[in-house]
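Trainee: Here is my input, please return the structure:
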Amino acid sequence: MKRNYYAVSYGMGVAVSANTGVRYAADYRSFPSRAERDAWVSEGGDYRSSPDWRESLLASDRELKASLIDSEESHPAWNR
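Mentor: Alright, predicted model coming up:
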């Protein structure tokens with residue numbers, strides 16, 4: 001199994017949905033190398049509250065896992 005490196009982009013800066021506690025407007029990304037992920041993360045917003053703030057994630061992140069499961073169920077051909 002190949003190793004992936006993950007990151008998230010927050011379209012409106014880091015925010016949490018007050019009703020659910022999950023990330024708001026989060027876009028999860030997967031990269032084949034740590035260097036590619038880190039380069040992408042460094043191109044994000046300057047401050048945590050900036051639009052398009054980006055940060056790396058561990059593969060064990062709860063919301064990342066849920067997103068991966070959702071995308072696999074919705075678009076099985078994408079994960080081949």
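Trainee: Ramachandran angles for residue 11?
Mentor: The phi and psi torsions at residue 11 (degrees, to the nearest 10) take the values phi -60, psi -30.
Trainee: What segments of the chain are strands?
Mentor: Chain-ordered strands for the chain, with DSSP state E as the definition, fall at 5-10, 26-31, 53-57.
Trainee: okay, the ones you listed in TSV with mean neighbour count and distance to residue 66 next?
Mentor: In short, each C-beta sits where N, CA and C put it, glycine included. Below are these laid out as TSV (neighbours: other C-beta atoms under 10 Å; distance: least, C-beta to C-beta, whole Å):
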stretch	mean neighbour count	distance to residue 66
strand 5-10	20	12
strand 26-31	16	10
strand 53-57	17	12
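Trainee: Minimum distance to residue 63: which of those has it?
Mentor: Nearest to residue 63, of all the strands of the chain, is strand 26-31, at 7.0 Å by C-beta to C-beta.
Trainee: Need the strands of the chain in JSON lines (columns: distance to residue 65 and mean pLDDT).
Mentor: Conversion of the strands of the chain to JSON lines gives the following (distance: least, C-beta to C-beta, whole Å; pLDDT from 0 to 100):
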{"stretch": "strand 5-10", "distance to residue 65": "10", "mean pLDDT": "92"}
{"stretch": "strand 26-31", "distance to residue 65": "10", "mean pLDDT": "90"}
{"stretch": "strand 53-57", "distance to residue 65": "10", "mean pLDDT": "92"}
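Trainee: just so I know, which of those lies nearest residue 68?
Mentor: strand 26-31 (7.6 Å).
Trainee: Direction included, what does that closest one pair up with?
Mentor: Strand 26-31 has the following strand partners under DSSP bridges: strand 5-10 (antiparallel).
Trainee: neighbouring contacts of the partner strand?
Mentor: Residues from elsewhere that reach strand 5-10 (C-beta atoms under 8 Å, 6 or more residues apart in numbering): 23-34, 36-37, 40-41, 44, 51-59, 61, 64.
Trainee: now that strand against strand 53-57, angle please.
Mentor: Counting by axes from the mean of the first three to the mean of the last three C-alpha atoms, to 10 degrees, strand 5-10 lies at 150 degrees to strand 53-57.
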